[in-house]
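[1] Next comes the sequence, and after it the predicted model I'd like to discuss.
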Amino acid sequence: MSDRPTIAWLHAALQGAYGLQDAWWPAESPLEVCVGAILVQNTTWQQVTRAIANLKAAGALDPHAILALPPEAIEDLVRPSGTFRQKTRRLEIFSRHIITRWDGNLDAMFAQDGTALRVELLGIWGIGEETADAITLFAACRPTFIVDAYTTRIVRRLGLVVEGETRHDIRRLFTDALPHDAGIMRAMHALLVTHARTHCRAMPLCTGCPLADRCDYWKEHAA
DNA sequence: GTCCAGGGCCTAC
DNA sequence: GTAGGCCATGGA
């Protein structure tokens, strides 16, 4: 029975393979982070990029503008990102929350404690744990760990979690192992995304994966 | 034509 | 508390 890899090992292995990652999120403003986090639900960044370009071109990357336009107009703008009726509703509800609760001032909303912010975000319809964590970490710059499909796939294939363990177990695994620091959380997330996009894809079997010798999925399928 | 992509809500058990 | 259905586009 081989020893189970640790988060420290994973972090070192990914950093060794991909180098230091910029603490990135592809957005030009905190609001764009929020909109992107909602639009990327169950789709790819390629699609989100199109939708955000549409919103910008229409002058609709703004809470007041989103509420001023008819829903059908927003639906047309965000259509490339899929589930466009749901996402239009989510953008409207998020915009209304910022305006009514914070007078449209995102900076004020993000000035509060990270834990309180996360709880507030989770109370907004259409924002679940992953979206709340993405906004908390990349828009408000507060430390929290994002468990997304990439993270889940990577830790499952490496045997860091076993069958039956949930996203909460995965989140605890990382938060227990990493310093409570936004920069480190961002860098870890960036490394996971980079690795998933480069090698750890759903199908087909990857080639040249730097973690292949510890990957249960690779061992199973390469045979 | 089929599967998949950086989810979240609702319903049924 | 959790498994399954639903939303919907575009690329491989």
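    Yep, it's here.

[2] ok, which residues in chain A are in contact with DNA strand B?
    A:25-26, A:37, A:40-45, A:47, A:82-83, A:86, A:125-132, A:134, A:146, A:148-150, A:153, A:189, A:193, A:196-197, A:201-203 (CB under 7 Å from any atom of the strand). All C-beta atoms are positioned from the backbone trio N, CA, C, and that covers glycine.

[3] wait, what's in contact with whatever residue of chain A ends up closest to DNA strand B?
    In chain A, the residue that lies nearest DNA strand B is A:Gly128 (2.4 Å; CB to the nearest atom of the strand). Residues in contact with A:Gly128 (CB atoms under 8 Å, 6 or more residues apart in numbering) are A:Leu122.

[4] what's the distance between it and DNA strand C?
    Applying CB to the nearest atom of the strand, to the nearest Å, the value for A:Gly128 to DNA strand C is 11 Å.

[5] A:Gln46 now?
    Distance, A:Gln46 to DNA strand C, by CB to the nearest atom of the strand: 6 Å.

[6] For that residue, grab the count of nearby residues.
    A:Gln46 has 9 neighbours, counted by other CB atoms under 10 Å.

[7] Tell me which residues are up against the helix or strand encompassing it.
    Secondary structure assigned from DSSP states H and E places A:Gln46 in helix A:45-57. With contact meaning CB under 8 Å, 6+ apart, helix A:45-57 is reached by A:26, A:32, A:35-36, A:39-40, A:61, A:76-82.

[8] if I pick the spatially most central residue of chain A, what's in contact with it?
    Nearest residue to the geometric centre of chain A (CA atoms, centre = their mean): A:Ala134, 4.7 Å. When contacts are counted by CB under 8 Å, 6+ apart, A:Ala134 touches A:Trp25, A:Val33, A:Ala37, A:Ile146.
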